[in-house]
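K.L.:
Sharing a model that was predicted from the sequence below.
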Amino acid sequence: MKTHTRAAVIGGGVVGASVLYHLARAGWTDVVLIERDELTSGSTWHAAGGMHTLNGDPNVAKLQKYTIELYREIEEASGQSCSIHITGGVDLAGTPERMDFLKVASARARYLGLGMELISVDEAARIFPLMDKRQFIGALYNPLEGHVDPAGVTQAYAKAARNLGAEVYRFTRVTDLKQRPDGSWDVITDKGNLVAEHVVNAAGLWAREVGRFAGLELPVLAMEHQYLITGEIAEVVASPQEVLHAIDFEGEIYMRQEGKGMLIGTYEKAGVPWAERQTPWNFTHELLPPDLDRIAGSLEVGFRHFPALERAGIKKIVNGPFTFAPDGNPIVGPIRGLRNYWVACGVMAGFSQGGGVGHALSNWMVHGDPGFDVWAMDVARFGDWATMAYTNAKVRENYSRRFRIRFPNEELPAARPLRMTPVYDRLKARGAIFGAAYGLEHALWFAPKGTEAREDVTYRRSNAHGPVGDECRAVRNAVGLSEISSFAKYEVTGPGAGAWLERILANKLPREGRLTLSPMLNDNGRLIGDFTVGNAGRDRFFVFGSGIAEQYHMRWFEAHPPPTGAAIRSLRTELLGLGIAGPKSRALLARICRDDVSNAALPFLSFRALEVAMLPARIGRISFTGELGYEIWVPADCQLALYDALVSAGADLGLAHFGARALNSLRLEKSFGNWAREYRPLYTPGEAGLDRFVDVTKPHFTGRDAVLRDRASGPARRLVTFVVDADDADAIGDEPVRHDGEVVGWITSGGHGHCVGKSIALGYVPAALATVASGFELEILGERRAASLAREPLLDPQGERMRRG
């Protein structure tokens, strides 16, 4: 064993081997992989080896495509066969709701270039004759499905990495990790120690244990997963080519050919966790006792849907553990607060995603950026609230729903409510239907008095449509009240605070008592943040941003820290807020504020410390609704008193509560973009329409050179607003945009503009088409809907309402 290495990858499953190969391919050849036993001895060896490109996040779907297409490369680089079988696959729908799901997936695949297509039940039965077509109503054909040999793939990654200079240490267990002052790590093993400049936790079933060496409790949990192999099936033997993969969503089973029979796996509702608190170190190349009773219900449906399976009988049962994250996507990236410590774990679909995970992480380590948008699998999407108990509840839920539809308006109940603000019970009493973001409960909409506080889940407009419209009209015509605590809040203080913010943000800072909007960019000039900055004076600034990105942004801030004497901290639990918006919002504020809040005293984009309802508050005159509005921030223990004062004072002004659904409609009418939708690391400020918030006259800020290059060449695409000829379903995001019949772009978000009476969608198209008014179509639930490009916001294009005097 060498004594020093640039990077030590801990874990010899398919993910660790992929990371090792990609690091070596990227030029880091002085890297090692350390495996406690033989390669593949955790979950990899007993995996079914299936691969596909179906994923709810388009960026993860693209990484899955990369993974599948990588196998030929590593075969050639290693001389090791991966036993690649690209059979294609059919995903079968037994209900209209499932057919809607497949229509959405097909449309998304169209702009991703994945080649999926909807087919009739008759065509599905022709290419997959094992099915009883009477049980289904349609299907999705995916040409890029198949399976590989798990051991062959892992060995191919490892051999290809060795050929580039990497080393693999088998039967060597890491027993501890200790960080040195320079950021490197002492990797302590039972065969000796080495110093690694970087450490990668790709330990699979042991990811939690390896995390604990560094003081981490990673949100992963292993679940028992069973599949079985049937006896010989006549239809399989008679097939002139390998039988396609298939997913039966109603039966909650997947299947592929194995020998002369079929391999059948299921994600049952009553899933069972394994090693809930600690994984035994001596677990190796072992299986768990089979439990057919637990999956009997799914098998009964499967036998009914595929009669040949029942006739074939069961030849073998495999029950083994696989790790999952709370939302089912991988956990990848650098850990906030731990220099040079990286994770690549929770990759339950290792043969669909392992290559993409290795590619993204190696880019991140070598070049400082993953090279593409990996938010859906970034470890920073979870905070310290993702405890072991939370993870256990969410993983169980996710596993049980693996083949069930997650409707776009559906909020899942496990581990909730978790984080609540003081006004939670008040809002619930008003009929609030809640969602959860970054673990925090927030109101989505309010059920009218006397009606049940429940939403029908659907791809179409739900029973929330009418009440949300009423909330929107109340904001536009009178005054609305919403909770804004789900925003992330940061305080930057001390000498040098302003200079640091000038360097890390792209816009110039506001003068004292004012607000400004500013993007944050990476070195490539891509959007990694979208903030409102308030200058409180005396080297004190408040920064407001997306709540779901708090850990993501704090990791960036701490990796690019303020100078000595200055500091940044999150105010997540200290500072909470309520927002009021609408033409009567100033009158409401005046009733509970001793100070002058007239337009002359508190103009647009003001940021002031004022006394409100006897409470110390900070008020920003700004609103995401596009109306005259105010964001009122108070200490957490004052929020309830502020809420009661606003409700009491606003009763005769027509005060109405509104939630996130109404806010989405209101911001679409104004063509306001949103973080994680319109603003992501995929886009530049020029593409996203944020150039006016980037001040290149500042000599130094992160991403400045890239911005200048982008301005010189012109943006490749632009964010635009569409008015859609929709019926009972609006765009929700990730629909393809066609122009003159050709797919040219994609939608980032959409919904109904209740106050303009139009269906609205925001999306990206090539810059050359950004001024073309007609000829566009969006594909919504399998139907092409005509769309026209709006050259300006549909409501108040000059922004006069939010600047009201």
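P.N.:
That came through, no problem. Every value quoted in this text rests on a predicted model; they were computed, and no experiment measured them.
K.L.:
Please count neighbours and contacts with C-alpha atoms only from this point.
P.N.:
OK.
K.L.:
Tell me which stretches of the stretch 401-550 of the chain form strands.
P.N.:
432-437, 440-446, 479-483, 488-493, 515-521, 527-535, 540-545 (DSSP state E, counting those that start in this stretch).
K.L.:
so of those, which one's packed in deepest?
P.N.:
Of all these, strand 479-483 carries the top mean neighbour count, a mean of 26, counting by mean count of other C-alpha atoms under 10 Å.
K.L.:
the inter-axis angle of it versus strand 440-446?
P.N.:
150 degrees (axes from the mean of the first three to the mean of the last three C-alpha atoms, to 10 degrees).
K.L.:
List the contacts of strand 479-483.
P.N.:
442-443, 471, 474, 577-585, 653-659 (C-alpha atoms under 8 Å, 6 or more residues apart in numbering).
K.L.:
between the strands of the stretch 401-550 of the chain, which gets nearest to residue 692?
P.N.:
Counting by C-alpha to C-alpha, residue 692 lies closest to strand 515-521 out of these; the figure is 9.4 Å.
K.L.:
Quick check: the residue nearest to residue 119 when sequence neighbours are not counted vs residue 325, distance?
P.N.:
What sits nearest to residue 119 in space, not counting adjacent residues and going by C-alpha to C-alpha, 6 or more residues apart in numbering, is residue 139, at 5.4 Å. Distance of residue 139 to residue 325, given as C-alpha to C-alpha, to the nearest Å: 29 Å.
K.L.:
again, but for residue 169
P.N.:
28 Å.
K.L.:
Between the two, which is the more surrounded one?
P.N.:
residue 325 (27 against 18; other C-alpha atoms under 10 Å).
K.L.:
need the contact list for the more buried one.
P.N.:
Here residue 325 is in contact with 219-221, 331, 346, 391, 395 (C-alpha under 8 Å, 6+ apart).
K.L.:
Among those, name the ones in strands.
P.N.:
Mapping those onto strands (DSSP state E) picks out 221, 331.
K.L.:
just the contacts of residue 325 now: which is nearest residue 297?
P.N.:
Nearest to residue 297 among the contacts of residue 325, with distances taken as C-alpha to C-alpha, is residue 395, at 20.8 Å.
K.L.:
ok, the closest residue to that closest one other than its chain neighbours - contacts?
P.N.:
Leaving aside its chain neighbours, residue 395 sits nearest to residue 326 (4.6 Å; criterion: C-alpha to C-alpha, 6+ apart). When contacts are counted by C-alpha under 8 Å, 6+ apart, residue 326 touches 219-220, 391-392, 394-395, 398.
K.L.:
how close does the closest residue to residue 94 other than its chain neighbours sit to residue 123?
P.N.:
Spatial nearest neighbour of residue 94, excluding adjacent residues (C-alpha to C-alpha, 6+ apart): residue 136 at 4.2 Å. Counting by C-alpha to C-alpha, the gap from residue 136 to residue 123 is 12 Å.
K.L.:
quick one: what helix or strand has residue 77 in it?
P.N.:
According to DSSP states H and E, residue 77 maps onto helix 58-78.
K.L.:
which helices and strands does that helix pack with?
P.N.:
The contact analysis (3 or more C-alpha pairs under 8 Å, 6 or more residues apart in numbering; DSSP states H and E) places helix 58-78 against helix 96-112, helix 150-163, helix 350-367.
K.L.:
ok, what's across the strand from the nearest residue to residue 5 once chain neighbours are set aside?
P.N.:
Closest residue to residue 5 apart from its sequence neighbours, by C-alpha to C-alpha, 6+ apart: residue 196 at 4.9 Å. When bridges are called by DSSP bridges, residue 196 pairs up with residue 5, residue 185.
K.L.:
where along the stretch 451-600 of the chain do the helices fall?
P.N.:
In the stretch 451-600 of the chain, the helices defined using DSSP state H, counting those that start in this stretch lie at 465-477, 497-504, 550-559, 585-592.
K.L.:
tilt between the longest one and strand 479-483?
P.N.:
Here helix 465-477 runs at an angle of 120 degrees relative to strand 479-483 (the same axes, to 10 degrees).
K.L.:
between helix 465-477 and helix 585-592, how big is the angle?
P.N.:
70 degrees.
K.L.:
which of residue 136 and residue 123 has more neighbours?
P.N.:
Legend: neighbour count by other C-alpha under 10 Å for residue 136 and residue 123, higher for residue 136 (22 against 15).
K.L.:
The helix holding residue 77: what's the following helix or strand?
P.N.:
Next along from helix 58-78, by DSSP H and E: strand 85-86.
K.L.:
Tell me the helices and strands packed up against that following strand.
P.N.:
Looks like strand 85-86 contacts strand 146-147 (3+ C-alpha pairs under 8 Å, 6+ apart).
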